[in-house]
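Asks: how would this look folded up:
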Amino acid sequence: MISKGKGGSNTKTGLVFEGKTDLTVFLNSKKDYKVIDDIVFYKNKKVAEVFKKHSFYRFLDKKNVNWKELISKKILPDDSIYVIVNNTMFIIECKFQQSGGSVDEKLQTCDFKKKQYQKLLSQLNMEVEYIYLLSDWFKKPKYKDVLDYIISVRCSYYFEYIPLYKFGLPVSK
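Replies: Coordinates of the predicted model:
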């Protein structure tokens, strides 16, 4: 794992990048975790909720948040997780690349998208973290400026996997 230019290891305790992530599958594969109907349990205690794409808006509906009054167009997270203990919604966008293309410019939209999610979740007094999960393609020197930009606007990125501790979730020994 590399984030902000710093190295790490041990993919057993992190969300592994496989082109598209699936938090539910990943968490269900971890010791002491179980996900039932988008609710994440650790040792049978509710610790989080997970959402993909449109299920994020079903969550907003349950919380009586009318997204149409707050933003003009839906934005769909690849994955997201609301962690109860830190009252934070982590928006995870996966970007996989094997050749140049439009994904390059999409990385520059994190500030706008994070602000849109903040609008959506402000009524719930939730914090928002916006994280890119990137393939190794983006380690190339030509991405240095855009990766620096991501950090400068208080978003973050990881290559290949995100460690569970980033979310504030417990890690089994």
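
Asks: use CA for all of it now, contacts and neighbours both
Replies: Fine.

Asks: and residue 31, how many neighbours?
Replies: Residues lying near residue 31 (other Cα atoms under 10 Å) number 12.

Asks: kindly report the same for residue 142.
Replies: Taking other Cα under 10 Å as the definition, residue 142 ends up with a neighbour count of 9.

Asks: now do the helices in the chain.
Replies: Taking DSSP state H to define them, one finds helices in the chain at 23-28, 55-62, 103-106, 110-121, 144-152, 164-167.

Asks: now mean neighbour count too, for the ones you listed, in TSV please.
Replies: Written out in TSV, the entries for these read as follows (neighbours: other Cα atoms under 10 Å):
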stretch	mean neighbour count
helix 23-28	18
helix 55-62	15
helix 103-106	11
helix 110-121	18
helix 144-152	15
helix 164-167	14
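
Asks: mind putting the ones you listed in TSV, mean pLDDT and distance to residue 34 included?
Replies: Below are the helices of the chain laid out as TSV (pLDDT from 0 to 100; distance: least, Cα to Cα, whole Å):
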stretch	mean pLDDT	distance to residue 34
helix 23-28	86	5
helix 55-62	95	18
helix 103-106	77	33
helix 110-121	97	26
helix 144-152	96	32
helix 164-167	89	14
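
Asks: just send those back as a markdown table, with distance to residue 75 too.
Replies: Below are the helices of the chain laid out as a markdown table (distance: least, Cα to Cα, whole Å):
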| stretch | distance to residue 75 |
| --- | --- |
| helix 23-28 | 19 |
| helix 55-62 | 10 |
| helix 103-106 | 13 |
| helix 110-121 | 8 |
| helix 144-152 | 18 |
| helix 164-167 | 21 |
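
Asks: which one of those helices lies closest to residue 37?
Replies: Using Cα to Cα as the measure, helix 23-28 is the one of the helices of the chain that comes nearest residue 37, at 9.5 Å.

Asks: what helices or strands is that closest one leaning on?
Replies: For helix 23-28, the packing partners by 3 or more Cα pairs under 8 Å, 6 or more residues apart in numbering; DSSP states H and E come out as strand 14-16, strand 33-36.

Asks: CA atoms only for it, dumped as CSV, please.
Replies: Coordinates of each C-alpha in helix 23-28 appear next as CSV, following Å, rounded to 0.1, in the frame of the first residue of the first chain:
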residue,chain,number,x,y,z
LEU,A,23,-16.8,-4.1,0.7
THR,A,24,-19.4,-6.6,1.6
VAL,A,25,-17.5,-9.5,0.2
PHE,A,26,-14.2,-8.3,1.6
LEU,A,27,-15.6,-7.8,5.2
ASN,A,28,-17.4,-11.1,5.2
